[in-house]
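> I'd like to go over a predicted model; first the sequence, then the structure.
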Amino acid sequence: QGIIGVWQFWDECQNYIRVLLITGRRIFTCGTNAFTPSIGNISRVMDTVNGVARCPYDPRHNSTAMVTEKGELYAATVIDFSGRDPVIYRSLGNMPLRTAQYNSKWLNDPHFISVYEVGLFTYFFLRENAVEHDCGRTVFSRVARVCKNDVGGRFLLEDTWTTFMKARLNCSRSGEIPFYYNELQSTFYLPEQDLIYGIFTTNVNSISASAVCAFNLSAITQAFNGPFRYQENPRTSWLSTPNPIPNFQVGNDRGPGENQTERSLQDAQRLFLMSDVVQPVSTDPLLYQDNIRFSKLVVDIVQGRDTLYHVMYIGTEYGTILKALSTTNKSMRGCYLEEMRLLPEGESEPIKSLQILHSDRSLFVGLSDRVLKIPLERCFLHSCSFHRFHILSTSNSQCHDTSPYIHSVMTTDIWGLIHISISLFNMYIHL
């Protein structure tokens, strides 16, 4: 009743599951629990612990989480009821660490998108208000990185990351004055190629426009090895300053704390924003389109007639899925294949999540009140201006019509077989 009195919205005071992670034979869950986050470990015995700093209070807050191979939980969320204390937090393993509290230079009203464990680092993808932007308020997309063996500081940065760094991600159309897609909405990591796909959009108060850009992990590493941007005081500009530890190495198994000095901790406290921007694999986005907002992205790797292709499934704010193709050579290029309409004529709602189940060759689509299942092999012949491309099913390498229907995997609020409208796109193909 107290929660209802404060927020006035019954819908927000339910238990929304915001973290659902599989670790071995256990499922790790964290729900908002009516603005009292609680964690459960579903196994033979139900364990419940405090979910603060592991998932948000409010179901509307964007957050992300991951359990590492060693069982550590990395979460990016807000730690307080009001949502004013964003945090990147490690728990359930080594010493708990977090980002600096109430420091808008570290995290400034962030919207967390995704997190990945890559080697000795953990990478977080987000968008936030750009503190270094001198002319008005704007949002930049970022990639942040911490060392998994970080042990925090001594005297300075106690219980706080000493290896936290962040860099801007650039996704823009080239020109005399580039057109920027500043707001990251979704990412997908292909570990086989150290490649990260991202959906970027314009601000909601601007014209509707969306793009897909891809980034090599080596480009991200290059930015983190470069100079920093530093502001001496609030009245001065952000200026480039040399990196005191270029080609940074994580260090021994005991962590960076073994070689900490007062100077290195001072540097870690003030130097965290990189000066260089992470550039995508191509000058222009792989795909871009006006008057539409992309929301989610997954990527499948498919063997074509002569090479491998990346097949992108792009969810939109309007309840449609765009299927697109990207080459895997050095001059990565993209083109649209088809559009799938998931909802009846006249209805629209955002695609909330997309997941590929490779064993079943299916695409699972999450909406606000249902989950839909779509076969990946739909056996239409599509034409791009640079290739003709067949998608084969896994059955004897022959193409079978797997029925152009979507099946609901929930028992409530479904409407049976849903028609898919197909349209070939000839717009904004980057060659």
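Received it, and whenever you're ready, just let me know what you need. This structure is a prediction, so every number in the text was calculated from the model and none was measured.

> just the helices in this structure please.
Using DSSP state H, the helices of the chain run over 2-7, 217-224, 262-270.

> got any ranges where the stretch 201-350 of the chain has weak pLDDT?
249-259, 330-331 (pLDDT under 70).

> how does it look with 80?
Flagging of the stretch 201-350 of the chain using pLDDT under 80 yields the residue ranges 247-259, 328-333.

> just the strands in it please.
Using DSSP state E, counting those that start in this stretch, the strands of the stretch 201-350 of the chain run over residues 209-216, 228-230, 239-241, 273-274, 287-290, 294-303, 308-316, 320-327, 334-341.

> The stretch 51-200 of the chain too?
All strands of the stretch 51-200 of the chain, identified by DSSP E, counting those that start in this stretch, fall at 64-67, 73-78, 86-91, 97-98, 111-118, 121-129, 139-147, 165-168, 172-173, 179-180, 183-190, 195-201.

> could you dump the ones you listed to JSON lines with distance to residue 316 and mean neighbour count?
All C-beta spots, glycine's among them, are computed from the backbone N, C-alpha and C. Shown next, in JSON lines, are the strands of the stretch 51-200 of the chain (distance: least, CB to CB, whole Å; neighbours: other CB atoms under 10 Å):
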{"stretch": "strand 64-67", "distance to residue 316": "21", "mean neighbour count": "20"}
{"stretch": "strand 73-78", "distance to residue 316": "25", "mean neighbour count": "26"}
{"stretch": "strand 86-91", "distance to residue 316": "27", "mean neighbour count": "23"}
{"stretch": "strand 97-98", "distance to residue 316": "35", "mean neighbour count": "22"}
{"stretch": "strand 111-118", "distance to residue 316": "17", "mean neighbour count": "20"}
{"stretch": "strand 121-129", "distance to residue 316": "18", "mean neighbour count": "22"}
{"stretch": "strand 139-147", "distance to residue 316": "19", "mean neighbour count": "23"}
{"stretch": "strand 165-168", "distance to residue 316": "25", "mean neighbour count": "22"}
{"stretch": "strand 172-173", "distance to residue 316": "19", "mean neighbour count": "19"}
{"stretch": "strand 179-180", "distance to residue 316": "20", "mean neighbour count": "16"}
{"stretch": "strand 183-190", "distance to residue 316": "10", "mean neighbour count": "22"}
{"stretch": "strand 195-201", "distance to residue 316": "10", "mean neighbour count": "25"}
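
> Can I get those strands in a markdown table including distance to residue 24?
Shown next, in a markdown table, are these (distance: least, CB to CB, whole Å):
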| stretch | distance to residue 24 |
| --- | --- |
| strand 64-67 | 9 |
| strand 73-78 | 14 |
| strand 86-91 | 18 |
| strand 97-98 | 24 |
| strand 111-118 | 15 |
| strand 121-129 | 19 |
| strand 139-147 | 24 |
| strand 165-168 | 31 |
| strand 172-173 | 42 |
| strand 179-180 | 42 |
| strand 183-190 | 21 |
| strand 195-201 | 26 |
